[in-house]
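>>> could you work out the structure for the sequence below:
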Amino acid sequence: MQNESFVTEFVLLGLSWNPSVQKIEFVVFLFCYMATVGGNLLVVVTIISSPALLGSPMYFFLAFLSFLDACYSSAFAPKMIVDSLYEKKTISFKGCMTQLFAEHFFAGVEVICYVAICKPLHYTICYVAICKPLHYPSIMNWRLCGILMGVAWTGGFLHSVIQILFTFQLPFCGPNVTDHFLCDLNPLLKLACTDTHILGLFVVANSGFICTIIFSLLLISYCVILLSLRTHSSEGRLKALSTCGTHIAVVVLFFFPCITMYARPPSAFSFDKMVAIVCTFVTPLLNPLIYTFRNKEVKNAMRKLWTRLVVVSDEK
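So this is what the prediction gives:
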């Protein structure tokens, strides 16, 4: 079907029209974006440069998740930061579709990571790696890691393509102003010159319902893991609680905004933009802090990397 859209660009209202507030937005979000990309890439470089960490599937996947967070944030943050300097914020139709594709592609890959990768990873970290460490290599071998990586990339791509195909066919024949700072499904459905009730339910089923089910399954898995540790020593239980607690924090930060935005039909909610800020800036910024910066092995690897860089700099 041919796209019947007469709209060549969309106008984004952003967060504020006040020039003074926009300047504050520019500084705050630029700092957050730089910290997000810098922090996540630091994790990636640290793990890649450390043979001991890179040889572990657990840390390999942590580096992969950090890479995804940097990519996801980069799909929106630069344009939002630049737009905060202008009174009128616009994005071309193709640019909007590209942004929408990137959002659901990287988010889709990350969701599947939590299921296809982090589901067994949670088990090995919170149970096998703590209670039965000798079983870890036999469960999380590199062949399984490669398969799970392929599933994550393929699933994220298919999820994003499905979203783009039906969105691209919507007729946008007049209204082009959206009360948001980025292109997303629900705001676009409100602008379409057709009845989008069925498509709104499809978004709920394809994104919101899936996020809700996955989030529930992950929380159940944590409960099962923690209950299974009752017979172990108090030291082992404390270690498991500490490890699983950080994972639960990351899972909540990732899935709660997804459920809030997509597990309902499209409608005007005043807090949608605030939730989107959490997805775009807060979650990718906090993930490396929660997942890795409090990990002794990662911190030791960072110190060694810093020492090598200082030595190389002194030699020059």
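>>> for F209, grab the count of nearby residues.
15 (other CB atoms under 10 Å). In this view, the C-beta of every residue, glycine as well, is placed from N, C-alpha and C.
>>> ok, it to G200 distance?
13 Å (CB to CB, to the nearest Å).
>>> and if you look at L189?
6 Å.
>>> quick one: which of these two has more around it?
L189 (21 against 18).
>>> nearest spatial neighbour of the more buried one, chain-adjacent residues omitted?
Leaving aside its sequence neighbours, L189 sits nearest to T196 (CB to CB, 6 or more residues apart in numbering; 4.3 Å).
>>> try V45
Nearest to V45 is L305, by CB to CB, 6+ apart, at 7.2 Å.
>>> contacts for the host helix or strand of that neighbour, please.
In the assignment (DSSP states H and E), L305 maps to helix 296-315. For helix 296-315, contacts defined as CB atoms under 8 Å, 6 or more residues apart in numbering pick out L42, V43, V45, T46, I47, S49, S50, A52, L53, Y59, T292, F293.
>>> give me the buried subset of the residues you listed.
L42, V43, T46, I47, S50, L53, Y59, T292 (16 or more other CB atoms under 10 Å).
>>> can you name the residues that contact the first one?
Read that as L42. Contacts of L42 by CB under 8 Å, 6+ apart are P288, M302.
>>> distance between the ends of stretch 287-299?
15 Å (CA to CA, to the nearest Å).
>>> where does pLDDT dip in the protein?
1-5, 116-141, 228-229, 231-233, 235-237, 239-244, 246, 264-271, 291-294, 311-316 (pLDDT under 70).
>>> strands of that one, start to end?
For the chain, the strands defined by DSSP state E occupy 9-12, 89-92, 177-178.
>>> now do the shortest one: which elements does it pack against?
Of the remaining helices and strands, those touching strand 177-178 by 3 or more CB pairs under 8 Å, 6 or more residues apart in numbering; DSSP states H and E are strand 9-12, helix 185-191.
>>> among those, show me which one is buried the most.
Most buried of the helices and strands packed on strand 177-178 by mean neighbour count (mean count of other CB atoms under 10 Å) is helix 185-191; its value is a mean of 20.
>>> from P288, how far out is L65?
9 Å.
>>> do the same with I47
11 Å.
>>> before we move on, what about F29?
F29 is 18 Å from P288, by CB to CB.
>>> ok, the two, which is more surrounded?
P288 (26 against 21).
>>> how far away is the more buried one from C211?
22 Å.
>>> report the contact partners of the residue lying closest to C96 once chain neighbours are set aside.
Excluding its sequence neighbours, the residue lying closest to C96 (CB to CB, 6+ apart) is C183, at 3.9 Å. Each residue near C183 by CB under 8 Å, 6+ apart is listed here: F10, I91, G95, C96, M97, Q99, L100, E103.
>>> can you say which of the residues you listed are buried?
F10, I91, C96, M97, Q99, L100, E103.
>>> the closest residue to M80 other than its chain neighbours and A70, how far apart?
In space, and not counting its chain neighbours, M80 is closest to F181: 5.0 Å by CB to CB, 6+ apart. Distance, F181 to A70, by CB to CB: 19 Å.
>>> between these two, tell me which one has more neighbours.
Ranked by neighbour count (other CB under 10 Å), F181 and A70 place F181 first, with 25 against 22.
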